[in-house]
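Q: I need the structure of the sequence given here:
(chains A and B)
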Amino acid sequence: MAAKKMFGAANASILVTDLRRSFDDGVTRGYEWRVTQLKKLLIICDNHEPEIVAALRDDLGKPELESSVYEVSLLRNSIKLALKQLKNWMAPEKAKTSLTTFPASAEIVSEPLGVVLVISAWNYPFLLSIDPVIGAISAGNAVVLKPSELAPASSALLAKLMEQYLDSSAVRVVEGAVTETTALLEQKWDKIFYTGSSKIGRVIMAAAAKHLTPVVLELGGKSPVVVDSDTDLKVTVRRIIAGKWGCNNGQACISPDYILTTKEYAPKVIDAMKKELETFYGKNPMESKDMSRIVNSTHFDRLSKLLDEKEVSDKIVYGGEKDRENLKIAPTILLDVPLDSLIMSEEIFGPLLPILTLNNLEESFDVIRSRPKPLAAYLFTHNKKLKERFATTVSAGGIVVNDIAVHLALHTLPFGGVGESGMGAYHGKFSFDAFSHKKAVLYRSLFGDSAVRYPPYSRGKLRLLKALVDSNIFDIFKVLLGLS
Amino acid sequence: MEGMKETVEESLREIRETFASGRTRSLKWRKAQIGAIYEMVKDNEDKICSALFQDLGKHSTEAFRDELGLVLRSATVAINSLDKWAVPKHSNLPLLFYPAKGKVISEPYGTVLVLSSWNFPISLSLDPLIGAIAAGNTVLLKSSELSPNASAFLAKTIPAYLDTKAIKVIEGGPDVATILLQHQWDKIFFTGSPKIGRIIMAAAAQHLTPVTLELGGKCPTIVDHHTISKNIKSVVKRIAGGKWGSCSGQACISVDYVLIEKSYASSLIDMLKPTIKSFFGENPKESGCLSKIATKQHVQRLSRLLNDPRVQASIVHGGSIDEEKLYVEPTILLDPPLDSEIMNEEIFGPILPIITVRDIQESIGIIKTKPKPLAIYAFTNDENLKTRILSETSSGSVTFNDVMIQYMCDALPFGGVGESGIGRYHGKYSFDCFSHEKAIMEGSLGMDLDARYPPWNNFKLTFIRLAFREAYFKLILLMLGLKR
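A: All right, here's what the predicted structure looks like:
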């Protein structure tokens, strides 16, 4: 196998120049081209699922069901939606005009931004690479994808499949790590779409600032789960487990990070969790094939450190087993770790679930609000008032009541963060919009000119202007008739 | 500066506290504040016009048309529409998720920084302020030191009308801005040059603060003489108004340069000259209808642009400068070299280059060699040319057969793309600009499907695959045991 070529600043510059030429030549603008590319992406999903599943197993130990459902199926749906809706999305939107601009007609036209960069993450390497690319292509852009080097089999497969199927004059994959990413970030892009950590999000935005490049940053945070005693405990616990350990073993941006419940209810929650965990993963969860492993030893050590901290290690009420060689940590529940512990200060991104108890559920609002805004906040309850208060007063990218993570699959809701958890949104039409410039177009008539607009200025003109601004027909008439 | 640092910290602490108290969430509070802005402008029309006259020599009619009238209208629209804007948007969810419900609610970002500009110091301060308040934020406004009287008016009068614990004004220049930018804001709204826009965005990146940057560019005006010759008088008036009728060309959407076929250039010039005279009389300096240049430094900059000998040679009208009186004569250039400075930076002054082409279609090529402007203007009735302009150029907006008026159409988003900016506002777009669109999904605790949970098996995999494809019939067959 040939040694991999170093991709530096010069390569990045040539790459962008090439793609910009393709864009300027109009390659990506037409409906036909976009549809063709989307259909090719669909073929990739349809014909290469076993390879994708295998790559995900290599990189993450991801169970087939998760790969098939949370990556391939979601992508298939995303592509099909885009194919179905593209004509609608591309159509101009009419806008209302007013008396002051009469006579005129106005519309908003969606146009591609140009050449865009998508930087993806390692935990859902196919979904988080292709889903934004779907948006970029639907909107008519040329796109460079940089998949994460921490999922190398997936990265290589993406590069191979996309080169094989897509139009390489306008869609390219650059594999690599820090060097390659830095080289790419020095170029001028028309949009950068980044999925990853808040720390790197800052680096991306700072690089984008040099070129006034708009960004979408899909970051993370500690997504809290508030569990009210007025809930259906079995369903609640099953959904939390499926949303945590059933989604890449807690290594997901919207993973339930920690639980908040009352001191009184906590023991019931823990018991229910233990029972359902055993149902799902058996008596020896370390042997279960239904969970992803920890991605690599760096993250394993990071998670180990969270567990081993003094005042934390003695709070484990379930699990805690570790196997560094196989990169496995058992589903672990902790009870009432200190609020200033490491595990409560950073996004866990792993199979550890702290439960914090409160005197009453009201306090959960303050706990959540005292922390950076997360990507998701969850609440399980039957109490309508509580739901209302939660939805309106807790600030997060998105709020889900009585379920976990499913909003990811909904193309009708914007998916994105706020504050530390990110900026911008995508999914469904929001993806198309994320990669479009909405150009305002005003068509005016050459008739109907009012002297009011021009110097020399006078009292009369001022009066007429005031009346026009108020859009008060009566006043306008009065002025025109010289009665005011 | 220490004193200023403390003032900033104290102000920020107070408005953050006010936001946390929840007071700004009430629609009643927001409408009252916006109503107070309306009253403030109405009560102080004379004071405001006087300040604008002192700062920029702006005539009161221009002041009303471009600033006061706009703010009054903005406030009225916001008050009348706020209830509608604040209504949650309900989403249709796919059948698979029945009976789940989805909606999007707009919530305020929190504490917002508005950095205003000197050329329209009242409207560029109050218009974003109205948007930020409508969305429920607390605000700190820094007005520009280059329009000191307007700035002083705002600093003195806003506290007399608005809730001082929620809305604050700070005066000052770049040093104050630097202090402000060191702090964490939930949103920053900036109006100014692309150069400073980069600095703002880089500072925002440190805190992952979303930004709206309303910048500038060279707004070209295409004159397709063939198809509009019948209305050439209106065209000439509109172009003249768009260059000299609003703050003497110092507006982000001013007509920067004209593109016209060579054979018609001289007749255009011959019509522009008397139009200038009809606007400003024999001696524009004394007309009282032509705004001043902002400062001596700005006059010197314009002087320097004209000093290029090749540019000097292209002057066909005007050219005189009086630095003391902050006056630059309405000036017309015919074909200054395309590589001269004046053709490569935003003019922002009363100098109008006319660039000739052999065929009007060539104007598109010239426009594309420059960064994307805030607006493109085209006087034409040729549908082909209109289509080409829309699809081959990119700009914040396009206006056919008029200039600048898109600003007053609040159904159209106002903002740039590329070098001309990020984000948009006006009308409901102002409300959206300062809001986080939060997705809310509510699932049902009843109706739980075993297939959602581990341990995984083929049945569950098939079930979920079919569910995702919304192949409901096959799903039913599966559940009835009639499908494998």
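Q: name the element the residue in the stretch 51-200 of chain B that chain A sits nearest to belongs to?
A: Shortest the stretch 51-200 of chain B-to-chain A distance, computed as CB to the nearest CB: residue-wise this is residue B:61, at 3.5 Å. In this view, the C-beta of every residue, glycine as well, is placed from N, C-alpha and C. Assigning secondary structure by DSSP states H and E places residue B:61 in helix B:60-63.
Q: before we move on, what SS does residue A:333 have?
A: strand (DSSP: H, G, I helix; E, B strand; the rest coil).
Q: residue A:464 is in contact with the residue of the stretch 51-200 of chain B closest to chain A, correct?
A: No - here residue B:61 does not reach residue A:464: they are 9.9 Å apart, not a contact under CB atoms under 8 Å.
Q: so which of those two has more stuff around it?
A: Counted by other CB atoms under 10 Å in any protein chain shown, residue B:61 and residue A:464 do not tie: residue B:61 has more neighbours, with 26 against 21.
Q: burial check on the residue nearest to the more buried one when sequence neighbours are not counted, number of neighbours?
A: Leaving aside its sequence neighbours, residue B:61 sits nearest to residue A:457 (CB to CB, 6 or more residues apart in numbering or on different chains; 3.5 Å). By other CB under 10 Å, 22 other residues sit near residue A:457.
Q: so for residue A:457, what's the pLDDT?
A: Looking at residue A:457, its pLDDT reads 83.
Q: surely it meets residue B:59?
A: Yes - judged on CB under 8 Å, residue A:457 makes contact with residue B:59 at a distance of 4.8 Å.
Q: show me where the stretch 251-400 of chain A has strands.
A: Counting by DSSP state E, counting those that start in this stretch, the segments of the stretch 251-400 of chain A that form strands are A:256-262, A:316-318, A:322-323, A:328-329, A:332-335, A:352-358, A:376-380, A:398-401.
Q: likewise the stretch 101-250 of chain B?
A: Assigned by DSSP E, counting those that start in this stretch, the stretch 101-250 of chain B shows strands spanning B:101-108, B:111-115, B:138-144, B:167-172, B:187-191, B:211-214, B:220-223.
Q: what would those strands look like in CSV with distance to residue B:368?
A: Shown next, in CSV, are those (distance: least, CB to CB, whole Å):
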stretch, distance to residue B:368
strand B:101-108, 37
strand B:111-115, 31
strand B:138-144, 32
strand B:167-172, 39
strand B:187-191, 26
strand B:211-214, 22
strand B:220-223, 10
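Q: burial count for the residue in the stretch 301-450 of chain B that chain A sits nearest to?
A: Of all residues in the stretch 301-450 of chain B, the one sitting closest to chain A is residue B:443 (3.4 Å; CB to the nearest CB). Counted with other CB under 10 Å, residues neighbouring residue B:443 total 23.
Q: helix, strand, or coil at the closest residue in space to it that isn't next to it in sequence?
A: Computed as CB to CB, 6+ apart, the closest residue to residue B:443 that is not its neighbour in sequence is residue A:403, at 3.4 Å. Under the three-state scheme (three-state DSSP), residue A:403 adopts coil.
Q: in the chain, where is pLDDT below threshold?
A: Using chain A here. For chain A, residues meeting the criterion pLDDT under 70 lie at A:1-5, A:98-103, A:448-452, A:468-484.
Q: meant chain B, my bad for not saying
A: Those would be B:95-96, B:482-484, if you go by pLDDT under 70 across chain B.
Q: get me the contact residues on the stretch 201-350 of chain A for chain B.
A: A:201-202, A:205-206, A:208-210, A:212, A:214, A:217, A:219, A:231-232, A:235-236, A:238-239, A:241-242, A:246, A:279-282, A:288, A:290-291 (CB under 8 Å from any CB of the partner chain).
Q: please pick the buried ones from those.
A: A:201-202, A:205-206, A:208-209, A:212, A:214, A:217, A:219, A:231-232, A:235-236, A:238-239, A:241-242, A:246, A:280-281, A:288, A:290-291 (16 or more other CB atoms under 10 Å in any protein chain shown).
Q: mind checking how far the closest residue to residue A:349 other than its chain neighbours is from chain B?
A: Of all residues not flanking residue A:349 in the chain, residue A:251 sits nearest, at 5.2 Å (CB to CB, 6+ apart). According to CB to the nearest CB, to the nearest Å, residue A:251 stands 16 Å off from chain B.
Q: contact partners for residue A:251?
A: Counting by CB atoms under 8 Å, 6 or more residues apart in numbering or on different chains, residue A:251 touches A:60, A:123, A:292, A:294-295, A:299, A:349-350.
Q: list the contacts for the closest residue to residue B:256 other than its chain neighbours?
A: Closest residue in space to residue B:256, ignoring its immediate chain neighbours: residue B:218 at 4.1 Å, by CB to CB, 6+ apart. Neighbour list for residue B:218: B:256-257, B:343, B:345-347, B:370-371, B:373 [criterion: CB under 8 Å, 6+ apart].
Q: okay, those in a markdown table with neighbour count, secondary structure and distance to residue B:135 next?
A: Below are those laid out as a markdown table (neighbours: other CB atoms under 10 Å in any protein chain shown; DSSP: H, G, I helix; E, B strand; the rest coil; distance: CB to CB, whole Å):
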| residue | neighbour count | secondary structure | distance to residue B:135 |
| --- | --- | --- | --- |
| B:256 | 30 | coil | 32 |
| B:257 | 22 | strand | 37 |
| B:343 | 23 | helix | 40 |
| B:345 | 15 | coil | 34 |
| B:346 | 21 | coil | 30 |
| B:347 | 24 | coil | 34 |
| B:370 | 17 | coil | 34 |
| B:371 | 19 | coil | 30 |
| B:373 | 28 | coil | 28 |
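Q: which residue packs closest to residue 389, ignoring adjacent ones?
A: Going with chain A. residue A:365 (7.6 Å).
Q: meant chain B actually
A: Nearest residue to residue B:389 in three dimensions, chain neighbours excluded: residue B:378, at 5.4 Å (CB to CB, 6+ apart).
Q: list the buried residues in the helix or strand where the one you found lies.
A: Using DSSP H and E, residue B:378 sits in strand B:375-379. Buried residues in strand B:375-379, counted by 16+ other CB under 10 Å: B:375-379.
Q: before we move on, back to that, check the gap between the residue nearest to residue B:443 and residue B:438 for me.
A: Distance check for residue A:403 against residue B:438: by CB to CB, to the nearest Å, it reads 16 Å.
Q: please apply the same query to residue A:212.
A: 27 Å.
Q: kindly report the same for residue A:104.
A: Applying CB to CB, the value for residue A:104 to residue B:438 is 35 Å.
Q: relative to strand A:352-358, how tilted is the helix or strand encompassing residue A:238?
A: Using DSSP H and E, residue A:238 maps to helix A:233-244. Here the directions of helix A:233-244 and strand A:352-358 differ by 140 degrees (axes from the mean of the first three to the mean of the last three CA atoms, to 10 degrees).
Q: can you name the residues that contact residue 393?
A: No chain specified, so I'll use chain A. A:365, A:369, B:22.
Q: oops, I was thinking of chain B
A: So residue B:393 contacts B:364, B:367-368, B:376 (CB under 8 Å, 6+ apart).
Q: so between residue A:104 and residue B:438, which is more surrounded?
A: For the pair residue A:104 and residue B:438, the greater number of neighbours falls to residue B:438 (25 against 20), based on other CB under 10 Å.
Q: which SS state does that one fall under?
A: strand.
Q: that one contacts residue A:400, correct?
A: No - in this structure, residue B:438 is not within contact of residue A:400 by CB under 8 Å, at 11.2 Å.
Q: quick check: buried residues in the one helix or strand residue A:54 maps to?
A: Under the criterion of DSSP H and E, residue A:54 resides in helix A:49-60. For helix A:49-60, burial by neighbour count (16+ other CB under 10 Å) applies to A:49, A:52-57, A:59-60.
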